[in-house]
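In: Starting from these lines, generate the structure:
(chains A and B)
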Amino acid sequence: MSFGKSINRREFLAQAGVAALGAGASLQALAQAQAAADFRLEIAPLKLEIAPGKVIHTVAYSGQVPGPLIRWPEGKAITIDVVNRTDIPEIVHWHGLWIPSDQDGAMEEGSPMIAPGGERRYCFTPRPSGFRWYHTHIYAGHDLKRGLYSAQFGCFYIDPKNAPGAYDQEIFLSLHDWNAYMGGSADASMDAFYDYSTIGDRMLGHGEPIRVRAGQRVLFRLLNSSATMTHWLALAGHDMTVVAMDGNPVPVQARVKAVRLAPAERIDLLVEMNQPGVWMLGETRAEVRKAGMGVIVEYAGRQGEAKWIDPPEMIWEYRPFARQDPATSEPDVRIPLIFISKFRGHGEFDYWMINGKSYPKTDTIRLDEGRRYRLVMHNKSTDDHPIHLHRHTFEVTSLEGKSMSGLRKDVVVVRGNTTAEIDFLASNPGLTLFHCHQQSHMDFGFMMLFRYR
Amino acid sequence: MGVYLVLRRIRGRKIGLLWTVVLLLFVSAVKPAAAQDNYEIQVYGSDTVAPRTTMLELHSNFTVDGSKPLPGSVYAADQLYPTNHAEHETVEITQGITSWSEVGFYIFTSARSGQGWQWVGDHIRPRVRAPDSWHWPVGVSLSTEIGYQRRDFSTDTWTWEIRPIVDKQIGRWYFAVNPAFERSFHGQSVSQGVGFAPNAKFSYDFNKYISGGLEYYADYGSLRDIYTFHNQQQQFFPAIDLNVSPNWEINFGVGVGVTAGTDHLIVKAILGRRFDWTHHRAGGSESTQ
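Out: Presented below is the predicted three-dimensional model:
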């Protein structure tokens, strides 16, 4: 893996100035380059105490977990300075945003790395509105302290121009797993396992509770920032209404007892607080709650032990939140993609291949701007893959042979031994990365590039 | 998952009655010739069965060339039932207790022409391992096993074993070593103190489903008085493991004994089925529902 040249702030100012003057326009760009950034992130080591005596040695943004919430109006340009205080090159990916390749924060697309001790200013106009996030996008390989195994993640919310805001309280929560190690998985190859799990920066029972009042409508915005783990979550005693997935309103809102979140997925849940008491919002698996994944929800005036009620067994599907009729637009081009693993021993991570090739040897697929593409993904492995397309939003058009429409996402889980189809409009020229969001999969070959003609 | 039955014997031969008497006297005058371990022939890995999960295994071992009865006797020279052409069926039930502990229970049986199908004995085997959270560079566990076996099948009826287990998977290669120590509490070997019976294994993953390698089983005798090589048990099993499903364990091997104190040829098979009593939704990257 080679790293692009990163630039320090002085170089950036000089280059931006030259570029702006050279373009003949834009004094505004120069002014923007010279002005203080709207946000500043510092990538640095952090000792995070997730419970008394349980300290995680990790790397985080600006000394907090998750990193600072970036909240910004849709359509307004933003500048974010990122300083790298670690001893390895880093990069920040702005997940789910329609921004240029060199700002997107993926080295494979041409975004420069930030050298150790270096700094970079990201400048872009955030869109589309909704719940996005930002995170490191580096290779971790066998170093299960790096990349998404670390604490380099944060929420990014782009306020829509017309926000209905039909809620009384809004709470951002991120799910994460800590102290990863390699272990034998049920499917015979190695997988990442973890010592601890948290919602936010504290294990269940060791942080401040979420305080609510009876009668409130609370909007939970949940992010699964885990490097590899899919999580199931429920708020004991309460139904939850799914209003958005990956930051995009769902065509059909539906009430559920529990939700599934694969790595990188987000979900917005509206909950009517109508069961006064002290409850757990936590992982549905007892062993994962015991490892720390949960937070206490406390009604005003209520005290005592937090209560947990197992939700009923359920099969999680995207379908109830989509329209059942097929997509109205037929694609201009269908692109078949076959996912398969290559066994490398029971003591090693598998290699992953798309159409028989592992990144960087995967084929780069050409796109024509303005055309609608359908990715027909055949997952011929037993693993689930949360598939992410950079810099675009796609529509889920078929899962396991059944058509659907209207569900817009940037991560979709293609379950083991199934087929999924997604459509996207080629509307954002530039190199575009496509990959499984499981760190151990993308690191070992599960990536591919699209290139606009 | 090895079980030591302290089946002391020497190899049978076609000899006359007089020689038989002489031989019996000789056997009683010298230390036991060898130990044989042919009810459950398996090198332990360090992993334990997951909590709320039960592993049911059937160990089937056929001795192609073993001890034979003395002329006019149903017993071999060691006053035990012969092993030649004996089919040993062992049922092993292992229950996971925590993420780092389990308890195993064994039912040993033997079938042989002339003796029918007989119950041999039972053992119980608690085991603990270094939890994953310790992040040791190798897998380590410690097994202890105590049990009874009938006098017709073993010169020692009550025995105890402690078995450290160390293993490591590196890419396609797997290594395991079980330096086991044994003690008899009732029977011929009580006075011998602690015996040393190491096992070891290495294997290579040919693909996701088939691994092949070599297993080694030995008994060096008492730590106070190591047997001569002639009397030691030294046995090698080329073996394959089939990984067709996470719920099944399949192992097959052919063992060759290279000393006089070892059964010369044994065919072994292990068929295991895992029963997961939890109804959790899986984590990791495996299909989640």
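In: what residues does the stretch 201-350 of chain A put near chain B?
Out: A:228-232, A:260, A:262, A:284-288, A:313, A:315-316, A:343-348 (Cβ under 8 Å from any Cβ of the partner chain). Glycine gets a C-beta too; all of them are placed from N, C-alpha and C.
In: what do you get if the cut-off is 7 Å, keeping everything else the same?
Out: Neighbours of chain B within the stretch 201-350 of chain A, by Cβ under 7 Å from any Cβ of the partner chain: A:228-230, A:232, A:260, A:284-285, A:288, A:313, A:315-316, A:343-348.
In: Weed out the non-buried ones from those.
Out: If you count burial by 16 or more other Cβ atoms under 10 Å in any protein chain shown, the buried members of these come out as A:228-230, A:232, A:260, A:284-285, A:288, A:316, A:343-348.
In: about what we covered before: among the residues of the stretch 201-350 of chain A next to chain B, which lie within strands?
Out: A:Trp232, A:Arg260 (DSSP state E).
In: Can you list the low-confidence ranges for chain B?
Out: Along chain B, segments meeting pLDDT under 70 span B:1-37, B:279-289.
In: What are the boundaries of the strands in it?
Out: Under DSSP E, chain B gives strands at B:53-65, B:87-98, B:101-112, B:116-129, B:139-149, B:156-170, B:173-187, B:195-205, B:210-219, B:221-222, B:225-226, B:233-242, B:248-257, B:265-276.
In: Touching stretch A:335-345 from outside, list them.
Out: Stretch A:335-345 is contacted from outside by A:189, A:350-355, A:365, A:373-381, A:385, B:171-172, B:205, B:207-208, using Cβ atoms under 7 Å, 6 or more residues apart in numbering or on different chains.
In: Can you give me the buried ones in that stretch?
Out: The neighbour-count check on stretch A:335-345 (16+ other Cβ under 10 Å) flags A:Leu337, A:Phe339, A:Ser341, A:Phe343, A:Arg344, A:Gly345 as buried.
In: Where helices are concerned, which of those residues count?
Out: Nothing among the buried residues of stretch A:335-345 maps onto helices, per DSSP state H.
In: Next, the contact list for the spatially most central residue of chain A, please.
Out: The structure's chain A has its C-alpha centroid closest to A:Ala264; by Cα atoms, centre = their mean the separation is 2.8 Å. Contact partners of A:Ala264, counting by Cβ under 7 Å, 6+ apart, are A:His95, A:Asn224, A:Pro386, A:His388, A:Val411, A:His437.
In: In strands, which of those residues fall?
Out: Per DSSP E, those map to strands at A:His95, A:Asn224, A:Pro386, A:His388, A:Val411.
In: Now do the phi/psi pair for A:Pro320.
Out: Backbone geometry at A:Pro320, expressed as degrees, to the nearest 10, gives phi -60, psi -20.
In: Number of residues surrounding it?
Out: Residues within reach of A:Pro320, counting by other Cβ atoms under 10 Å in any protein chain shown, total 16.
In: That one is in contact with A:Gln253, isn't it?
Out: No - counting by Cβ atoms under 7 Å, A:Pro320 does not reach A:Gln253; the two are 9.6 Å apart.
In: Tell me how far B:Trp277 lies from B:Val49.
Out: The spacing between B:Trp277 and B:Val49, counted by Cβ to Cβ, to the nearest Å, is 11 Å.
In: Give me the more crowded residue out of those two.
Out: B:Val49 (20 against 11).
In: residues in contact with the closest residue in space to that one that isn't next to it in sequence?
Out: Nearest residue to B:Val49, sequence neighbours excluded (Cβ to Cβ, 6 or more residues apart in numbering or on different chains): B:Gly96, at 3.7 Å. B:Gly96 sits next to B:Thr48, B:Val49, B:Ala50, B:Pro51, B:Arg52, B:Thr53, B:Glu102 when contact means Cβ under 7 Å, 6+ apart.
In: do the same with B:Val194
Out: B:Val194 neighbours (Cβ under 7 Å, 6+ apart): B:Phe181, B:Glu182, B:Arg183, B:Ser222, B:Leu223.
In: Out of those, who's the most crowded?
Out: Neighbour tally across the contacts of B:Val194 (other Cβ under 10 Å): the maximum, 26 neighbours, falls on B:Glu182.
In: Which strand residues bridge that one?
Out: In this entry, B:Glu182 is beta-bridged to B:Glu161, B:Gly195, by DSSP bridges.
In: Quickly name whichever of the contacts of B:Val194 is closest to chain A.
Out: Each of the contacts of B:Val194 was checked against chain A using Cβ to the nearest Cβ; the closest is B:Phe181, at 27.9 Å.
In: wait, the closest one sits on B:Ile162?
Out: Yes - under the criterion of Cβ under 7 Å, B:Phe181 makes contact with B:Ile162 at 5.3 Å.
In: Between these two, which contacts overlap?
Out: Here B:Phe181 and B:Ile162 have no joint contacts, going by Cβ under 7 Å, 6+ apart.
In: Report how many residues lie close to the closest residue to A:Gly215 other than its chain neighbours.
Out: Spatial nearest neighbour of A:Gly215, chain neighbours left out: A:Met273 (6.6 Å); criterion: Cβ to Cβ, 6+ apart. Here the number of neighbours of A:Met273 (other Cβ under 10 Å) works out to 20.
In: which residues does A:Met273 contact?
Out: With Cβ under 7 Å, 6+ apart, A:Met273 has these contacts: A:Val212, A:Arg213, A:Ala214, A:Gly215, A:Gln216, A:Val218, A:Tyr299.
In: Out of these, which sit inside strands?
Out: Counting by DSSP E, the part of the contacts of A:Met273 found in strands is A:Val212, A:Val218, A:Tyr299.
In: just the contacts of A:Met273 now: which is nearest chain B?
Out: A:Val218 (24.8 Å).
In: The closest one is in contact with A:Leu235, isn't it?
Out: No - using Cβ under 7 Å, A:Val218 is not in contact with A:Leu235; the gap is 9.3 Å.
In: joint contacts of these two?
Out: Counting by Cβ under 7 Å, 6+ apart, the shared contacts of A:Val218 and A:Leu235 are A:Val271.
In: Mind putting the ones in strands among the contacts of A:Met273 into JSON lines with pLDDT, neighbour count and distance to A:Pro126?
Out: Formatted as JSON lines, those follow (pLDDT from 0 to 100; neighbours: other Cβ atoms under 10 Å in any protein chain shown; distance: Cβ to Cβ, whole Å):
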{"residue": "A:Val212", "pLDDT": "98", "neighbour count": "21", "distance to A:Pro126": "30"}
{"residue": "A:Val218", "pLDDT": "98", "neighbour count": "21", "distance to A:Pro126": "25"}
{"residue": "A:Tyr299", "pLDDT": "98", "neighbour count": "20", "distance to A:Pro126": "35"}
